[in-house]
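Asks: Compute the structure for the input listed below.
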Amino acid sequence: MTRLAVLADVHGVLPALEAVLAEKDVRAAHTVVVAGDVVSGPQPREVFARLKAMGDRVVWVRGNADREAVAMARGTFTGVAPDAVSPWAAGELTAAQVE
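Replies: Residues are numbered from 1 along each chain as shown. Got it, this is the predicted structure:
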């Protein structure tokens, strides 16, 4: 049987992500589905890099905050930012992370 872990709403908080990834059931999972809203928070680059380092084990599902962050980083966001952190977090992402 394939083990699956689903993570959502990390919102750029690396210590919380690390705590969840350290859980026995998550460590044992063959696949980790990241169900969106990953980078909009205080440590966007670090959270993205940590998940990206897990390689093909991670399946990415982009959430609304992720779509907004990409649009903000590219300068194409036309809405009203939901908070003050989102535009800042978007600006912290590297070009490769935005892609």
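
Asks: which stretch of helix or strand covers the closest residue to Leu21 other than its chain neighbours?
Replies: Nearest residue to Leu21, sequence neighbours excluded (Cβ to Cβ, 6 or more residues apart in numbering): Arg27, at 7.2 Å. To be clear about C-beta, it is placed using only N, CA and C from the backbone, and glycine gets the same treatment. For Arg27, the host element (DSSP states H and E) is helix 24-28.

Asks: Determine the set of other helices and strands touching that helix.
Replies: strand 4-7 (3 or more Cβ pairs under 8 Å, 6 or more residues apart in numbering; DSSP states H and E).

Asks: and the gap between the residue nearest the centre of the chain and Lys24?
Replies: Nearest to the mean C-alpha position of the chain, by Cα atoms, centre = their mean, lies Val38 at 2.2 Å. Note on Val38: its distance to Lys24, by Cβ to Cβ, to the nearest Å, is 23 Å.

Asks: likewise Gly63?
Replies: Gly63 is 26 Å from Lys24, by Cβ to Cβ.

Asks: So for these two, which sits in the more crowded spot?
Replies: Gly63 (20 against 7; other Cβ atoms under 10 Å).

Asks: Run through the residues that contact the nearest residue to that one once chain neighbours are set aside.
Replies: Spatially, and ignoring its direct neighbours in sequence, Gly63 is nearest to Gly36 (2.2 Å; Cβ to Cβ, 6+ apart). Taking Cβ atoms under 8 Å, 6 or more residues apart in numbering as the criterion, Gly36 is in contact with Ala8, Asp9, Val61, Arg62, Gly63, Asn64, Ala65, Asp66.

Asks: just the helices in this protein please.
Replies: With helices called from DSSP state H, the chain shows them at 14-21, 24-28, 44-52, 64-74, 85-92, 95-98.
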